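Asks: I'll drop the sequence and a predicted model, then ask my questions.
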Amino acid sequence: MFRLFILFTAILLAACGAHEQFSHRTNSTVPRRGQKPYTINGERYEPLSSHEGFVQSGIASWYGSDFHGKQTSNGDTYDMYAKTAAHKTLPLGVYVKVRNRDNGRETVVRINDRGPFVTGRIIDLSYTAAKDIGIVENGTAKVEIEALGYLDDASKGMTAYRAPASYDKGSFGIQVGAFGKLDNARRLADSVQKRYGTSSIREAIVNGTRYYRVRAGNYTSLKEAEQVRERSPDRLLAGGFVVALD
């Protein structure tokens, strides 16, 4: 059994390393979903628990075809033609209005990545978003950004944004494994189900390779899931990391 655990740990570390790495900004790693503190080039960043009242001025840049199709910090596949952006600390999934202070043009983007890690720059826009506000040719521009909230799908005939009651609330699990073969993922998921009552498998493609990720538990808050992981005597849980369940 111990040898099996060692083998599993090696597989876990190899597979997790494939998808925890920033897709294009750094060789450092950040926790899954990018909601926990992380360190890049020796500087620590702490993602905000709320976007409420967030307004910021600074320099915007953009990134395009070199990164098209690569994975972002929240697990999305970067699409240069979608209206998305990277920010160092805003909650992932939040929509942000970006206004070019030189020409007054505006666009709205969804934050799905971390960055830019360049001094003075506050947001990295997709190609389409950069084109909307006229910064493709120059590469950068002075902007003001304002966090709007999450897109409210319940609104009919209009665009509206909402803030959740708490960014800590939701559905969270502990990722304990990632496998290239579905059968291996199912075996671990069955074991997790028997030991903890709940397990799930999520399929993802990372750099052209298909992985099956195994999650343990289903907790109603990020804090609860973190406490379970940190306090667990089981090395399987203690060696995992918290993720938002889709």
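Replies: Received the coordinates, thanks.

Asks: got a pLDDT number for Phe172?
Replies: Phe172 carries a pLDDT score of 78 in this model.

Asks: now it: which helix or strand?
Replies: strand 169-179 (DSSP states H and E).

Asks: check which residues of that strand are buried.
Replies: Buried residues in strand 169-179, counted by 16 or more other Cβ atoms under 10 Å: 172-179. In short, each C-beta sits where N, CA and C put it, glycine included.

Asks: can you tell me the closest non-neighbouring residue to the residue most central in space within the chain?
Replies: Geometric centre of the chain, nearest residue: Asn74, 2.0 Å, by Cα atoms, centre = their mean. Spatial nearest neighbour of Asn74, excluding adjacent residues (Cβ to Cβ, 6 or more residues apart in numbering): Leu92 at 4.3 Å.

Asks: you'd agree the one you found is in a strand?
Replies: No - per DSSP: H, G, I helix; E, B strand; the rest coil, Leu92 lies outside any strand segment and is coil.

Asks: distance from stretch 213-229 to the middle of the chain?
Replies: Put simply, stretch 213-229 sits 16 Å off its chain's centre (Cα atoms, centre = their mean, to the nearest Å).

Asks: residues making contact with that stretch?
Replies: If you take Cβ atoms under 8 Å, 6 or more residues apart in numbering as the criterion, stretch 213-229 is touched by 35, 166-179, 185, 188-189, 192, 195-204, 236-238, 240-245.

Asks: mind redoing it with 6 Å?
Replies: 168-169, 172-178, 185, 188-189, 192, 196, 198-202, 237, 242 (Cβ atoms under 6 Å, 6 or more residues apart in numbering).

Asks: still on that earlier bit, what's the neighbour count on the residue nearest to Asn74?
Replies: Residues lying near Leu92 (other Cβ atoms under 10 Å) number 21.

Asks: which residues in the chain form strands?
Replies: Per DSSP state E, the chain carries strands over the ranges 38-40, 43-45, 55-62, 84-86, 95-100, 106-113, 121-125, 140-151, 161-162, 169-179, 199-206, 209-221, 241-244.

Asks: quick one: closest of the ones you listed to Ile133.
Replies: strand 95-100 (4.1 Å; Cβ to Cβ).

Asks: now that closest one against strand 140-151, angle please.
Replies: 160 degrees (axes from the mean of the first three to the mean of the last three Cα atoms, to 10 degrees).

Asks: strand 95-100 pairs with which strands?
Replies: strand 106-113 (antiparallel), strand 140-151 (antiparallel) (DSSP bridges).

Asks: how about the longest one: buried residues?
Replies: Neighbour counts using 16+ other Cβ under 10 Å place 141, 143-151 of strand 140-151 among the buried residues.

Asks: from the residues you listed, which two are the most distant?
Replies: Across these, the longest distance by Cβ to Cβ is 26.2 Å; it joins Ala141 and Tyr150.

Asks: surely Tyr81 meets Ala129?
Replies: No - counting by Cβ atoms under 6 Å, Tyr81 sits too far from Ala129 to count as a contact (9.8 Å).

Asks: look at the residue nearest to Asn74 and report its pLDDT.
Replies: Leu92 is given a pLDDT of 86.
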